[in-house]
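Chemist: pasting a predicted model and its sequence here:
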Amino acid sequence: MNTPRIQIFPTLQALTAAAIDTVLEQAAAAISKRGCFTIALAGGNTPKPLYEGLAKANTPWAQWQIFWGDERYVPHDHPDSNAGMAMATWLKHIDIPTANIHPMPTDEPDPAVAADRYEATLQQVLAPATGTIPSLDLILLGMGPDGHTASLFPHTAALQVRDRLVTVGDKDGQPRLTLTVPFINQARYILFLVTGANKQTALRHILSRTGDPHTYPAMLIEGQCTWFLDQAAAEGVVKQQGV
Ligand SMILES: O=C1O[C@H](COP(=O)(O)O)[C@@H](O)[C@H](O)[C@H]1O
């Protein structure tokens, strides 16, 4: 396991400013090395200000390929849609080719078929060498108060999937689509954004590695992780590296 980098910020504004800088730095580095930047987005509320900030950034958008880390199984124009949120706050405000935006499909009667389609899209765009797992440059993740990340929920079958890039998650019996643990762990950079006092308990177990990974699924993410925490979430976290 790689040792996670942890940064604690006094306010959501400070955390957001650092997240914008990090995303743009990773994009510039990837574009300069490989001519392209591949990113998977988180949903929920925490990343909204980041997306609003990125909407004003000056970067070669045509060299970005945008994916999602998870999706609620609703149409993209539904208020719960992670794709819909990122479109409204960021993507509809920038000059990026539509072909570079890859929302998770939610129009199949069977979510497993939608997961297969998204896996094929990832394989096609990322074109890994034969026999290797493809890597995204950056995956943005959040964490729920129950320790879930992406749509990897506690004690669900999705946590065990090791032979796919995308699978069907389960939020209280409702299907979700989610990237899998091995695919997330393969990313060149994984940025967790976690805010709010209601996440303290899960965070303490996850970062001190005293929890059970099936109870706190974010523990399964052991790749090149950086955690950006606000002060409220970070209260009680054992190893602090303040900024
Ligand atoms: O349902 C979800 O929740 C998590 C956490 O959201 P947050 O607003 O508490 O940060 C999010 O990362 C995930 O993408 C989303 O589908």
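Modeler: Good, I have the coordinates.

Chemist: rest of the way, CA atoms for contacts and neighbours
Modeler: Noted.

Chemist: tell me which parts of the protein are close to the ligand?
Modeler: Contact residues (CA under 6 Å from any ligand atom) of the chain with the ligand: 42-46, 70-71, 141-144, 149-151.

Chemist: same thing but 8 Å
Modeler: Neighbours of the ligand within the chain, by CA under 8 Å from any ligand atom: 41-47, 69-72, 82, 141-145, 148-151, 193-195.

Chemist: so what's residue 90 closest to, chain neighbours aside?
Modeler: Nearest residue to residue 90 in three dimensions, chain neighbours excluded: residue 55, at 4.7 Å (CA to CA, 6 or more residues apart in numbering).

Chemist: sorry, wrong one. I was asking about residue 182.
Modeler: Nearest to residue 182 is residue 162, by CA to CA, 6+ apart, at 6.1 Å.

Chemist: so among the residues of the chain next to the ligand, which ones count as buried?
Modeler: 41-44, 46-47, 69-72, 82, 141-145, 148-151, 193-195 (16 or more other CA atoms under 10 Å).

Chemist: after the host helix or strand of residue 169 comes which helix or strand?
Modeler: Per DSSP states H and E: residue 169 is located in strand 166-171. Next helix or strand after strand 166-171 toward the C-terminus (DSSP H and E): strand 174-179.

Chemist: re the thing from before, mind exporting the strand holding residue 169 as PDB, just the C-alpha atoms?
Modeler: What follows is strand 166-171, C-alpha atoms only, in PDB (Å, rounded to 0.1, in the frame of the first residue of the first chain):
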ATOM      1  CA  VAL A 166     -16.800  -1.100 -14.200                       C
ATOM      2  CA  THR A 167     -19.600  -2.800 -12.200                       C
ATOM      3  CA  VAL A 168     -23.000  -2.400 -10.700                       C
ATOM      4  CA  GLY A 169     -23.100  -0.900  -7.200                       C
ATOM      5  CA  ASP A 170     -25.900  -1.200  -4.700                       C
ATOM      6  CA  LYS A 171     -27.100   1.800  -2.600                       C
END
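
Chemist: so which other helices or strands are in contact with that strand?
Modeler: helix 111-126, strand 174-179 (3 or more CA pairs under 8 Å, 6 or more residues apart in numbering; DSSP states H and E).

Chemist: quickly run through the sheet partners of that strand, with directions.
Modeler: Strand 166-171 sits in its sheet next to strand 174-179 (antiparallel), going by DSSP bridges.

Chemist: what about the partner strand, distance to the chain center?
Modeler: Put simply, strand 174-179 sits 13 Å off its chain's centre (CA atoms, centre = their mean, to the nearest Å).
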